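K.L.:
Next input, structure requested:
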Amino acid sequence: MTEPKTPAQAAAGWYLYLREDPDDEELQSRFEEWLARDPAHVQAWGEMHVTASVMAEIPHALHVPPAITPAPVLRMRRRVFVRKPVFACGLALVAACAAMIFLTPDMLVRLRADHYAPVAETRDIQLADGSEIILAPQAAISITMNASERSIHLLQGEALFTVHHDPARLFRVTTGNAVITDIGTVFDVSADGAATVVAVREGRVRVTERRSASAGRELHAGEWERVAGAASSSGEVPVAAIGAWCDGTLVARNETIGKLIEALRPWTSTRIILTDRKLAEKRVTGTYDLHQPEASLRQIVDAYGGHVSSWMTWVDLVTAR
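P.N.:
The predicted model follows:
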């Protein structure tokens, strides 16, 4: 693991790594070495624990499953929450401020997630019911599976779902603004907060806007729908293009350069900054290699009068010539 710049950021990172792989003995050993290296690490780790525990007490906020047993002082704080709700609000505010200081937005999503795919990596998740989920880089999901429910919440990013059909237990995927109900299928869902895009590779699904009382729209293979609040749009796409990112291919069909750059960002740790609005609006058709994001970026913009300048090793500045 590459440590962040500050002990607080490193502690947040260690918390996430240990939560995701609690049985990894090598990871635990490396964590203990880091903890013993500097008293500031011990202090930062304690503060991280307090923040996570307080956040777990806030209704309808971040839920942090206890991967590491809380210390007694944290249990005492829980009793105070019950007796003094006003003080609880104060602690919640302190926790939120602490999170803003050393938890990045991506880390906050990971605290809520059951599964997360790091930058430039995908994750293949096999569910107990025989269904499969492939997460695109920086995608995150939480899972609810029981005798009566199969529910996946896509917190951010894109995922391809191959569902084992079970009429007795419908399989649902929710995002911030849509509910997708499987009717025996393979489908792709992308969520960026403002909108959800669903595309069906096999079978069919039903897409419903979360705040709508309508029955929604049924999609079949080769069809897609974009839901953004009360607004929606739909169309058709070649089946082979749906989920092509799983094989490392970015397929563009009359897409804007701005949208393609958004699609490339999760596949590289280099920050891509696009400075020209006219260049961003130019439309592109083609296929590009997601495993070579730097080369693909240049290939996309060079043909349309753009130029990529690399600053050090972590910033690509895209400008018009």
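K.L.:
Which parts of the stretch 101-250 of the chain are strands?
P.N.:
All strands of the stretch 101-250 of the chain, identified by DSSP state E, counting those that start in this stretch, fall at 115-116, 123-126, 132-135, 140-145, 150-162, 171-174, 178-191, 196-209, 217-220, 223-228, 231-236, 249-256.
K.L.:
How many neighbouring residues does R265 have?
P.N.:
Using other CB atoms under 10 Å, R265 is surrounded by 16 other residues. Any C-beta I mention is one placed from the backbone N, CA and C, and that applies to glycine too.
K.L.:
for this structure, which spans come out with low pLDDT?
P.N.:
Low-confidence segments of the chain (pLDDT under 70): 1-5, 50-105, 213.
K.L.:
can you list the domain ranges for it.
P.N.:
With domains defined by automatic domain parsing, the chain comprises 7-112, 115-241, 248-320.
K.L.:
Check those for me and report the most buried one.
P.N.:
Most buried of the domains of the chain by mean neighbour count (mean count of other CB atoms under 10 Å) is domain 115-241; its value is a mean of 18.
K.L.:
how distant is that one from the center of its chain?
P.N.:
13 Å (CA atoms, centre = their mean, to the nearest Å).
K.L.:
Need the strands of the stretch 101-250 of the chain in TSV (columns: distance to D24).
P.N.:
Below are the strands of the stretch 101-250 of the chain laid out as TSV (distance: least, CB to CB, whole Å):
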stretch	distance to D24
strand 115-116	16
strand 123-126	16
strand 132-135	20
strand 140-145	20
strand 150-162	23
strand 171-174	29
strand 178-191	29
strand 196-209	34
strand 217-220	40
strand 223-228	39
strand 231-236	43
strand 249-256	32
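K.L.:
Which one, of these, ends up nearest to I273?
P.N.:
Closest approach to I273 among these (CB to CB): strand 249-256, 16.4 Å.
K.L.:
now the angle between strand 231-236 and that closest one, please.
P.N.:
Put simply, strand 249-256 runs at 120 degrees to strand 231-236, going by axes from the mean of the first three to the mean of the last three CA atoms, to 10 degrees.
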